[in-house]
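>>> Show me how the following folds:
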Amino acid sequence: MRIRRTAVAGTWYPADPAHLVPQLDRYLEQAYDRVPAGPVRAIVAPHAGLMYSGPVAACAYAAARRHRPSAIVLVGPSHFVPFRGVSIWPEGSWETPLGPAAVAGRLAAALVEASSEIVDVPAAHGREHSLEMQMPFIAHVLSGVPIVPMVMGHQTRETAFALGEAIARAVEAHAPDALLVASSDLSHYEDAITAEAMDRKVIDHVERLDPEGLMGALEAEPRHACGGGPMVAVLEAARRLGAASSRLLQYADSGDVTGDKSSVVGYMAAAVW
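Numbering: from 1, shown residues only. Below you'll find the model as predicted:
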């Protein structure tokens, strides 16, 4: 069995459940007044260290936990390994401090069949934090739900929209109530005023459920988001699966934690239904 071991447990988030769970619960309790009623099709969540982006990510997972899906499809960027296409973890499980998360092998196989863009590059997952930072919330609030983890290499228009189409086809056939998760931070290392102006362009496209407009914005200025391609793919899949609404749940930046507003990273949580 293939097991993806944790890479940033104990540094980016607590490895000890006795410390991790209270921190997650604190963030989730603070998030409930921002979540829409009813099930959501997709969420956007950030992937920085838990103390920085956890309060924002909790808003997305507080919305997601209102409905228990049969599977969770995760898409994040590859920060360390450049490659063409999207690397899937096709079988086995992912290690978390709260126990293993099983991979939905049948759904993963359907995704591989649905697009030649979906490949198996195990090294792309080794050090990657973009999906691992989703796992504490998933293991806590959606424990036992199988996952399909994918990281996107070069975030081209062709790859993003091909992945969106493939997700929609595979989910419709094999897991119609699956939750889709796009992992992305927003602008990096601008002052807070500049960052918010840049981030607002991404947020506007997400709230309009507009993957085409978002892709155009990213092509014009790639610095808008590190996981822009994954967001485009998830928005495209959600639209194809019938989603009609999208809403920002929370926006913040790293300076809200550090106190330094001269160089920040932007974070958003959004829900699509």
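>>> Check the gap between the closest residue to residue 194 other than its chain neighbours and residue 226 for me.
For residue 194, ignoring the flanking residues on the chain, the nearest one in space by CB to CB, 6 or more residues apart in numbering is residue 187 at 7.6 Å. Backbone N, C-alpha and C define where each C-beta goes, glycine included. Distance, residue 187 to residue 226, by CB to CB, to the nearest Å: 9 Å.
>>> Kindly report the same for residue 104.
26 Å.
>>> Check residue 200 too.
Distance, residue 200 to residue 226, by CB to CB: 17 Å.
>>> These two: who's more crowded?
residue 226 (23 against 15; other CB atoms under 10 Å).
>>> Quick check on that one: phi, psi?
The phi/psi pair for residue 226 (degrees, to the nearest 10) reads phi -80, psi -20.
>>> contacting residues around it?
Residues near residue 226 by CB atoms under 8 Å, 6 or more residues apart in numbering: 77, 79, 130, 184, 185, 188.
>>> Mind giving me the ChimeraX command for buried ones among those residues?
The ChimeraX selection below is limited to those of these classed as buried (16 or more other CB atoms under 10 Å):
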select :77,130,184,185,188
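>>> Please name every helix or strand in contact with the lengthiest helix in the chain.
Identified as the longest helix of the chain according to DSSP state H is helix 157-174. The contact analysis (3 or more CB pairs under 8 Å, 6 or more residues apart in numbering; DSSP states H and E) places helix 157-174 against strand 72-77, helix 105-114, strand 147-152, helix 211-220, helix 228-240.
>>> and residue 266, which of those is closest to it?
When the helices and strands packed on helix 157-174 are compared by CB to CB, helix 228-240 sits nearest residue 266, at 12.3 Å.
>>> Give me the contact list for stretch 81-90.
Counting by CB under 8 Å, 6+ apart, 2, 4, 75, 78, 103, 105, 108-109, 111-112, 115-126, 128, 148-154, 159, 163 sit against stretch 81-90.
>>> For it, measure first residue to last.
18 Å (CA to CA, to the nearest Å).
>>> Please identify the buried residues of it?
By 16+ other CB under 10 Å, the buried positions in stretch 81-90 come out as 81, 85, 86, 87, 88, 89, 90.
>>> Grab the nearest non-local neighbour of the fifth one.
What that stands for is residue 88. Here the residue nearest residue 88, using CB to CB, 6+ apart, is residue 150, at 4.9 Å.
>>> so the one you found bridges to which residues?
residue 75, residue 88 (DSSP bridges).
>>> mind checking how far it is from residue 241?
For residue 150 relative to residue 241 (CB to CB), the value is 17 Å.
>>> So which of these two has more stuff around it?
Applying other CB under 10 Å to residue 150 and residue 241 shows that residue 150 carries more neighbours, namely 28 against 20.
>>> Quick one: residues contacting the more buried one.
By CB under 8 Å, 6+ apart, the contact set of residue 150 is 73, 74, 75, 76, 86, 87, 88, 89, 111, 118, 163.
>>> do that again at 6 Å, thanks
Neighbouring residues of residue 150 by CB atoms under 6 Å, 6 or more residues apart in numbering: 75, 86, 88.
>>> Could I get the pLDDT score of it?
We have a pLDDT of 99 for residue 150.
>>> One more: residue 38?
pLDDT, residue 38: 78.
>>> ok, back up a step: specify which member of the buried residues of stretch 81-90 is nearest to residue 255.
Nearest to residue 255 among the buried residues of stretch 81-90, with distances taken as CB to CB, is residue 81, at 29.7 Å.
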